[in-house]
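Novice: Sequence unavailable; structure follows:
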């Protein structure tokens, strides 16, 4: 599945030229800027990878939060979201308020 298909699957708006144009990163969804990474077995996250998506997010919209959508597998896929810890804590607070 392509980046564009993954973005469509989650309801995100794809950025033209998959982030290679004026609008960086692969797409936007609500208050997030999404960078899709598709690999068959593994993907390494390091400070440089995270710094790039944070920088791309700031260029797209400083009010949004960065997300790496990691898609692992060839036939049976595992989809993960990599977000900042502060964002995770905010999501937990919202969930607790709604329970």
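Specialist: Sure thing, it's come through. Predicted model, so just to flag it, every value in this text is computed and none were measured.
Novice: Chain neighbours aside, what residue packs nearest to residue 41?
Specialist: Once its chain neighbours are removed from consideration, residue 41 has its nearest residue in residue 72; the separation is 6.8 Å (Cβ to Cβ, 6 or more residues apart in numbering). (Glycine included, C-beta is placed from N, CA and C.)
Novice: in the chain, which spans are strands?
Specialist: 13-14, 27-29, 32-39, 65-72, 78-82 (DSSP state E).
Novice: helices or strands up against the shortest one?
Specialist: With contacts defined as 3 or more Cβ pairs under 8 Å, 6 or more residues apart in numbering; DSSP states H and E, the secondary structure elements packing on strand 13-14 are helix 3-10, strand 27-29.
Novice: so which of these is the most packed in?
Specialist: strand 27-29 (a mean of 20; mean count of other Cβ atoms under 10 Å).
Novice: Identify all contacting residues around that one.
Specialist: Taking Cβ atoms under 8 Å, 6 or more residues apart in numbering as the criterion, the residues outside strand 27-29 that touch it are 3, 7, 10-15, 33-34, 36, 60-61, 64, 67.
Novice: got the contact list for the nearest residue to residue 15 once chain neighbours are set aside?
Specialist: Excluding its sequence neighbours, the residue lying closest to residue 15 (Cβ to Cβ, 6+ apart) is residue 23, at 4.3 Å. Residues counted as contacts of residue 23 (Cβ under 8 Å, 6+ apart) are 15, 16, 59, 60.
Novice: residues contacting the last one?
Specialist: Pointing back at residue 60 there. Under the criterion of Cβ under 8 Å, 6+ apart, the neighbours of residue 60 are 15, 23, 24, 25, 28, 33.
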